[in-house]
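Colleague: The following block contains a protein sequence and its predicted model.
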Amino acid sequence: MRVLLPLPVVLPLLAAGASLALHRHRWLQRALGLLTLTAVLGVSIALLLEVRADGIGVVDVGGWEAPIGITLVADLLAVIMLAIATAMLLVVLVYAIGHPATEDTRRFFHPTYLVLAAGVSLAFLTGDLFNLFVAFEIMLIASYVLITLGGSEPQVRSGMTYVVFSLLSSTLFVTAVGLVYAATGTVNLADLAGRLDGIDPAIRNALGLMLLVVFGVKAAIFPLFSWLPDSYPTAPSPVTAIFAGLLTKVGVYAIIRTQTLLFPADGASEVLLAIAALTMVVGVLGAIAQNDVKRILSFHIVSQIGYMILGLGLFSVAGIAGAIFYIVHHIVVKTTLFLVSGLIEVSAGTGALSRLSGLTRRAPVVAVLFALPALSLAGIPPFSGFVAKLALVQAGLDIDQGLVIGVSLLVSLLTLFSMTKIWAGAFWGAPSEVEAPDDAGGDRALRPPPLMVGATAALVLTSLVIAFGAAPLYDLSHDAATALMAPDGYVGAVLDR
Amino acid sequence: MVIALGERSLLLDVGIRAVFHTALLFGVFLLFAGHNAPGGGFIGGLVTAAAFVLRFVGDPDGEQGRPLPFHPTTLLGGGLALAVLTGVAAWLFGGDLLESGKATLDLPLVGDVKVTSALPFDIGVYLVVVGLVGTVLTTLGTEREQRS
């Protein structure tokens, strides 16, 4: 544990430096990226097994013991997130290498991508509020570069929105950390859990609300989501896919972590449930109004975040287990759908539904790769979305939260509707005239490169595995949720060693 | 005073020649002075980078030869790798990750010199800052050439 735990942060950062130094050798950069992420994936899986067997793992960095030094903590939730996130990073990197316009001529893609990986890993593993801020910054600064990769006009315009929003929430975050320290005298999460009980409840609630807003911006919950559908679609497809799959979920992870550890409630939280319902409804309505594959999918991210917040808002073991399962399912499916939208753009030259038609005829493989995750997103059995939603519905009905569950089912129906809109617009009908692709020049064949198709297919298979192997994964989520609902275990593991 | 485009300013040329090497040295001085006194890798790097910027302003077409024998991005990556390696070093020798250490070296002529493991980290930061500014300058330079 002592050796393994820091590796998911250290390895990508070290590789990022090497990758920059090797910026003239694209093949070495590729090999380095793939090798590093494969190693990190191996480490995460080893960590997952170890935490499952021996319980929470803790490492003090720099020889300073908690609560003074920086602590890295691997509990079950953290390692589940770490493993699934690293798997996505690896697959999307393979896709990006195949994608004709992402990393060909851009020597900064690989280093930045590795820095992003380090930031995401650190966000999951840190046991310290200030260090969480640092992790967010590492992740965000890498994402500023990736989202404007290419530097076209729409990218810079929507990149501005993204940067301004993120900077604003970072400022608020660091302010909140300062206030937390002023009120309690510590920023170690485990130490905070004990000390927050002792302070004035009004201040405690204010701090809780502040952190919720900060992470809410990152997670794109209602009403803080407006930056997302505007900025994500303009980036290169692999970048959008990894952002859509991971970044908002890091926000959700932070919300789950702080709400369960620092601000535990006695029962279902009306505030969170109301936010969840509004996020689901507004997101899906936004999706229905859109007319571009990536924009529709971007609004769906918002809508889906609502389901995760719903599970947390129920504040029962079953609810949080459902939320964790939902996050895993969502990360895989959402990443897949964005990868497919990239395939659509490469095969048809556009992502606008008005100009797409008849893809089933021209690119049947792409059609299949879209149909499976789309049905899964809407929650049709036997796909992983069905299992995830069923878990949430049962958890909600167990504690009589029928209203918000009803809303979530209605939203599922609307999700299905907007997926059929993509299907009818892009896949059915007579094949349209092939247009010149906007995101890559040159005379390329309009058949998507096998590397891209292979990576996407691997993810579709993963989501099927999640669906058919739902029982062990649900058990894992359930164990993680049980641990989250009893924060004493986490506090004890960090402070009393 | 109006300077015609394309014509070089004598004042600027002479001024840069006078300041450039002093600024470079001062940057390195700040790098080593850091840790317990004002200075450090970041500030030292900025001063050094400022010297390069000055040189770029005076000689944007690189007529006096390139200031570095290799691409500044290599410097940037090497610096980052060095900084991370410093953090990992103690760990590889059985200590904790990011643990710092110090040693006193007895150098001939100079005498006792205290060295902390923060120094290689600072050197890494120094290289990152210089490399970053260098990369910005070369990138802007290419853009200009393509446009004209």
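Modeller: Arrived safely.

Colleague: quick one: the strands in chain B?
Modeller: The residue ranges that make up the strands of chain B, judged by DSSP state E, are B:102-107, B:111-116.

Colleague: I'd like a version of the ones you listed in a markdown table, one that adds distance to chain A, mean pLDDT and mean neighbour count as further columns.
Modeller: C-beta: built from backbone N, CA, C; applies to glycine. Converted to a markdown table, those look like this (distance: least, Cβ to the nearest Cβ, whole Å; pLDDT from 0 to 100; neighbours: other Cβ atoms under 10 Å in any protein chain shown):
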| stretch | distance to chain A | mean pLDDT | mean neighbour count |
| --- | --- | --- | --- |
| strand B:102-107 | 13 | 76 | 9 |
| strand B:111-116 | 13 | 76 | 11 |
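
Colleague: Tell me which stretches of the stretch 301-450 of chain A form helices.
Modeller: Under the criterion DSSP state H, counting those that start in this stretch, the stretch 301-450 of chain A contains helices at A:317-348, A:359-362, A:364-378, A:384-398, A:402-422, A:450-468.

Colleague: Show me where chain A has its strands.
Modeller: Taking DSSP E as the criterion, chain A carries its strands at A:57-61, A:70-74.

Colleague: Of all those strands, which one comes closest to chain B?
Modeller: strand A:57-61 (4.9 Å; Cβ to the nearest Cβ).

Colleague: What residues of stretch A:30-40 count as buried?
Modeller: A:30, A:32-33, A:36-37, A:39-40 (16 or more other Cβ atoms under 10 Å in any protein chain shown).

Colleague: my bad, should have said stretch B:84-93
Modeller: Buried residues in stretch B:84-93, defined by neighbour count with 16+ other Cβ under 10 Å: B:84-91.

Colleague: repeat for stretch A:226-244
Modeller: Residues of stretch A:226-244 classed as buried: A:227-244 (neighbour count, 16+ other Cβ under 10 Å).

Colleague: In helices, which of those appear?
Modeller: Using DSSP state H, A:227-231, A:237-242 are the members of those that sit in helices.

Colleague: biggest separation within the residues you listed, which pair?
Modeller: A:227 and A:238 (20.3 Å; Cβ to Cβ).

Colleague: Kindly calculate the angle that the longest helix along chain B makes with strand B:102-107.
Modeller: Across chain B, the helix with the greatest residue count (assigned by DSSP H) is helix B:118-147. Between the axis of helix B:118-147 and that of strand B:102-107 there is an angle of 80 degrees, by axes from the mean of the first three to the mean of the last three Cα atoms, to 10 degrees.

Colleague: And helix B:118-147, what's buried?
Modeller: Under the neighbour-count rule (16+ other Cβ under 10 Å), helix B:118-147 has B:118-135, B:137-138 buried.

Colleague: before we move on, what about stretch A:343-358?
Modeller: By 16+ other Cβ under 10 Å, the buried positions in stretch A:343-358 come out as A:343-353, A:355-357.

Colleague: residues contacting residue A:33?
Modeller: By Cβ atoms under 8 Å, 6 or more residues apart in numbering or on different chains, residue A:33 lies in contact with A:15, A:19, A:93, A:110, A:113-114.

Colleague: Just the closest of these to chain B, please.
Modeller: residue A:19 (6.7 Å).

Colleague: For residue B:110, see how far away that closest one is.
Modeller: Per Cβ to Cβ, to the nearest Å, residue A:19 is found 37 Å from residue B:110.

Colleague: Between those two, which has more neighbouring residues?
Modeller: Per other Cβ atoms under 10 Å in any protein chain shown, whichever of residue A:19 and residue B:110 has more neighbours is residue A:19, with 30 against 8.

Colleague: Correct me if wrong: the more buried one contacts residue A:110.
Modeller: Yes. With the criterion set as Cβ atoms under 8 Å, residue A:19 and residue A:110 qualify as a contacting pair; they are 4.7 Å apart.

Colleague: Touching both of those two, which residues are there?
Modeller: Residues touching both residue A:19 and residue A:110 (Cβ under 8 Å, 6+ apart) are A:29, A:32-33.

Colleague: Which of those fall within helices?
Modeller: Cross-referencing the shared contacts of residue A:19 and residue A:110 with the helices (criterion: DSSP H) gives A:29, A:32-33 as the overlap.

Colleague: Same list, the residues you listed, but as JSON lines with distance to residue A:217 and pLDDT please.
Modeller: As requested, those are exported to JSON lines (distance: Cβ to Cβ, whole Å; pLDDT from 0 to 100):
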{"residue": "A:29", "distance to residue A:217": "32", "pLDDT": "89"}
{"residue": "A:32", "distance to residue A:217": "33", "pLDDT": "92"}
{"residue": "A:33", "distance to residue A:217": "29", "pLDDT": "92"}
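
Colleague: now those residues in a markdown table, with distance to residue A:398?
Modeller: Putting those into a markdown table (distance: Cβ to Cβ, whole Å) gives the following:
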| residue | distance to residue A:398 |
| --- | --- |
| A:29 | 50 |
| A:32 | 49 |
| A:33 | 45 |
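
Colleague: From these, pick the one nearest residue A:132.
Modeller: Once Cβ to Cβ is applied, the member of those that ends up nearest residue A:132 is residue A:33, at 25.4 Å.

Colleague: how many other residues sit next to the residue of the stretch 251-400 of chain A found nearest chain B?
Modeller: The nearest approach of the stretch 251-400 of chain A to chain B comes at residue A:257, 21.9 Å away (Cβ to the nearest Cβ). Counted by other Cβ under 10 Å, the residues lying close to residue A:257 total 26.

Colleague: Check it and give its pLDDT.
Modeller: On the pLDDT scale, residue A:257 is placed at 93.

Colleague: My read is that it contacts residue A:77, right?
Modeller: Yes. Taking Cβ under 8 Å as the definition, residue A:257 is a contact partner of residue A:77 at 7.3 Å.

Colleague: got the phi/psi numbers for residue A:220?
Modeller: With angles defined as degrees, to the nearest 10, residue A:220 shows backbone torsions of phi 60, psi 50.

Colleague: residues contacting it?
Modeller: A:227-228, A:248, A:251, A:301-302, A:305.

Colleague: which stretches of chain B aren't confidently modelled?
Modeller: B:1-7, B:60-68, B:141-148 (pLDDT under 70).

Colleague: So which bits of it are right by chain A?
Modeller: In this structure, chain B approaches chain A at residues B:71, B:73-74, B:76-85, B:87-88, B:91, B:95-100, judged by Cβ under 8 Å from any Cβ of the partner chain.

Colleague: For residue A:7, see how far away residue A:15 is.
Modeller: 11 Å.

Colleague: More neighbours: these two, which one.
Modeller: For residue A:15 and residue A:7, the more surrounded residue by other Cβ under 10 Å is residue A:15, and the numbers stand at 28 against 21.

Colleague: That one - nearest residue in space that isn't next to it in sequence?
Modeller: Residue nearest to residue A:15 in three dimensions, not counting chain neighbours: residue A:36, with 4.0 Å by Cβ to Cβ, 6 or more residues apart in numbering or on different chains.

Colleague: check contacts around that neighbour.
Modeller: A:11-12, A:15, A:114, A:117.

Colleague: Tell me the one among the ones in helices among the buried residues of stretch A:226-244 nearest to chain B.
Modeller: Among those, and counting by Cβ to the nearest Cβ, the member closest to chain B is residue A:239, at 20.0 Å.

Colleague: I'd say the closest one and residue A:148 touch.
Modeller: No. Contact criterion Cβ under 8 Å: residue A:239 and residue A:148 do not qualify, at 9.7 Å.

Colleague: how about residue A:82, what does it touch?
Modeller: For residue A:82, the contacting residues are A:8, A:44, A:47-48, A:74, A:121, A:124-125, by Cβ under 8 Å, 6+ apart.

Colleague: Tabulate these in JSON lines, adding columns for neighbour count and pLDDT.
Modeller: As requested, those are exported to JSON lines (neighbours: other Cβ atoms under 10 Å in any protein chain shown; pLDDT from 0 to 100):
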{"residue": "A:8", "neighbour count": "30", "pLDDT": "93"}
{"residue": "A:44", "neighbour count": "27", "pLDDT": "95"}
{"residue": "A:47", "neighbour count": "22", "pLDDT": "94"}
{"residue": "A:48", "neighbour count": "19", "pLDDT": "93"}
{"residue": "A:74", "neighbour count": "26", "pLDDT": "92"}
{"residue": "A:121", "neighbour count": "31", "pLDDT": "95"}
{"residue": "A:124", "neighbour count": "28", "pLDDT": "95"}
{"residue": "A:125", "neighbour count": "28", "pLDDT": "94"}
